[in-house]
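with the sequence up front, the predicted model follows.
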Amino acid sequence: MNLTVLGSTGSIGTQTLDVARERGWTVGVLAAGRNLELLAAQVAEWRPAVVSVDGSVYAEALARFSSQFPDLKLIADPTEAATLPADVVVNAMSGLPGLAPTRAALEAGRAVALATKEAMVTAADLIWAAAARGGGRVVPIDSEHTGVYQCLTGEALEDVAEVILTASGGPFRDGPADLSGVTPEQALKHPSWSMGQKITIDSATLMNKGLEVMECASLYGLPLSQVGVVVHPQSLVHAAVRFCDGSLKAQFGPADMRLAIAYAVDAAPDGMTRPGDVRAARRGAAIGGHLGWPMRGTWEFREPDQARFPCLGLAYRAGEAGGLLPAALNAADEVAVPAFLAGKISFTDIPRLIERVLDETPAGPLSWDTLDEVQAWATARAHEWVTGGLNR
Ligand SMILES: NC(=O)C1=CN([C@@H]2O[C@H](COP(=O)(O)OP(=O)(O)OC[C@H]3O[C@@H](n4cnc5c(N)ncnc54)[C@H](OP(=O)(O)O)[C@@H]3O)[C@@H](O)[C@H]2O)C=CC1
Ligand SMILES: CC(=O)[C@@H](O)[C@H](O)COP(=O)(O)O
Ligand SMILES: [Mn+2]
């Protein structure tokens, strides 16, 4: 198996390389942002033919890599990297920059193991159209969605009554009641997963679960009314599907993304070509020594607290409205989270800011052009609220 890894220096990217090491896969293309230190170590280990870096560090990367790796082709374009020949393209880029590479990979007929949830959240119809045009295939990496994928394998979509995604509840699951004074340091302490900063804050606000509800509906062609959320502090059950006969089928296992990554890469070459087009995949060898994982302990399940975590309801609102609203919600969140981390707004300002942006988002059909426009507009509007204050 020869991989392209986009976002190779991040949480999912580095774990993808861990899996590749365990499985003996090769890596032909790497794309990272600005972490040249780690990227240099990855290039030395994997010897890819092509590496993409963020444009802002291209000159520095060229100076650094050209003498050490004379055969390496260095580019500053993850979208081009996504189209290059590979058995599977793993997209582990965070946020809006991961959209164009997802589209390009699918249009080029690549099999994509997709971690970048923002693609299916903001542009599902366009992404599926790109797959249909180019013959590309998709299998999700996100733990809940690999859970759903594995539950749906061998089942008829018509028999699905409901999909249930689990949420850890984040670090503020059990308090405090008033979240206005919580700090970035507290919010970054995820109870069960070690992940990048953006998704970790999204987990604390429950926006991650909101994005995942939309991602689930888009991946499997389900209405939002059939996608529910339950808080499960242990993060061992990742998702469940309730069928029309009342049976529930759940996927569970250790909270280790390497399992989800390995499954997605193995399944991607025969992955989905349209929503819900789930096929059985052969599994590879055990990952991370989990074959003897002990099935013990207590599992809890509770209702999410939508009053303390309004982001979940905002995501349902955007998803139900459709059109440009999911992209506006996501863009506003991508401004709000770094603003919170930088101390510019409070934790409870995150949903307030997103709601303001949603209230002003125009209705309209989704196309690649309108998507760009609404993202630019929502980003600018959110920055205005951050700079000028939400009480204006
Ligand atoms: N982490 C997890 O466990 C999970 C993550 N996901 C999803 O996976 C995606 C990635 O998350 P995560 O790994 O946590 O994020 P990280 O922030 O840890 O990593 C993001 C990666 O994107 C890279 N990047 C930024 N700009 C560019 C660019 N221009 N070209 C190429 N790469 C770029 C970063 O590079 P650099 O650091 O070099 O600047 C980094 O490698 C997100 O969409 C997230 O929601 C889903 C489920 C679980
Ligand atoms: C590992 C993974 O898939 C994350 O998206 C995880 O779900 C985050 O945890 P929360 O359930 O707290 O959002
Ligand atoms: Mn998840």
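Nice, I can see it. Ligands and ions are numbered 1, 2, ... in the order given.

for the stretch 201-350 of the chain, which residue gets nearest to ligand 3?
Nearest to ligand 3, among the residues of the stretch 201-350 of the chain, is residue 212, at 5.5 Å (Cβ to the ion). Yep, even glycine has a C-beta here, placed from its N, CA and C like the rest.

run a quick neighbour tally on that residue.
30 (other Cβ atoms under 10 Å).

so what sits opposite residue 50 in the bridge?
residue 29, residue 73 (DSSP bridges).

residue 149 versus that one, what's the distance?
Separation of residue 50 from residue 149 (Cβ to Cβ, to the nearest Å) stands at 30 Å.

okay, those two: which has more neighbours?
residue 149 (26 against 16).

how would you label the closest residue to the more buried one other than its chain neighbours: helix, strand or coil?
Leaving aside its chain neighbours, residue 149 sits nearest to residue 278 (5.6 Å; criterion: Cβ to Cβ, 6 or more residues apart in numbering). Following DSSP: H, G, I helix; E, B strand; the rest coil, we place residue 278 in the coil state.

quick one: contacts for residue 278?
149, 152, 153, 220, 272 (Cβ atoms under 8 Å, 6 or more residues apart in numbering).

make it 7 Å
149, 152, 153, 272 (Cβ atoms under 7 Å, 6 or more residues apart in numbering).

give me phi/psi at the third one?
Backbone torsions of residue 153, given as degrees, to the nearest 10, read phi -60, psi 130.

per-residue pLDDT of it, please?
At residue 153, the model reports a pLDDT of 97.

number of nearby residues for residue 55?
11.

how about the residues of the stretch 201-350 of the chain near ligand 2?
Residues of the stretch 201-350 of the chain found near ligand 2 (Cβ under 6 Å from any ligand atom) are 203, 208, 209, 257.

where do the helices of the stretch 201-350 of the chain begin and end?
Using DSSP state H, counting those that start in this stretch, the helices of the stretch 201-350 of the chain run over 207-220, 257-267, 311-321, 325-341, 349-360.

could you list the low-pLDDT ranges of this structure?
392 (pLDDT under 70).

that one - how does it break down into domains?
The chain breaks down into these domains under automatic domain parsing: 2-142+257-270, 145-254+287-292, 311-388.

for the spatially most central residue of the chain, which non-adjacent residue is spatially closest?
Nearest to the mean C-alpha position of the chain, counting by Cα atoms, centre = their mean, stands residue 117 at 3.0 Å. Among residues not flanking residue 117 along the chain, residue 215 sits closest, at 4.8 Å (Cβ to Cβ, 6+ apart).

what residues does the stretch 51-200 of the chain have near ligand 3?
142, 143, 144 (Cβ under 5 Å from the ion).

can you redo the residues you listed as TSV with distance to residue 134?
Shown next, in TSV, are those (distance: Cβ to Cβ, whole Å):
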residue	distance to residue 134
142	23
143	27
144	27
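
just name the most buried of the domains of the chain.
Of these, the one with the most neighbours on average (mean count of other Cβ atoms under 10 Å) is domain 2-142+257-270, at a mean of 21.

sorry, back to before: look up how far residue 163 lies from the residue nearest to residue 117.
11 Å.

for residue 260, same thing?
Residue 260 is 16 Å from residue 163, by Cβ to Cβ.

swap in residue 68?
48 Å.

in this protein, where's the longest helix?
Assignment by DSSP state H gives helix 368-388 as the longest helix of the chain.

so which elements touch it?
Applying 3 or more Cβ pairs under 7 Å, 6 or more residues apart in numbering; DSSP states H and E, we find helix 368-388 packed against helix 117-134, helix 325-341, helix 349-360.

make JSON lines out of those and add distance to ligand 1.
Shown next, in JSON lines, are those (distance: least, Cβ to the nearest ligand atom, whole Å):
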{"stretch": "helix 117-134", "distance to ligand 1": "5"}
{"stretch": "helix 325-341", "distance to ligand 1": "10"}
{"stretch": "helix 349-360", "distance to ligand 1": "16"}
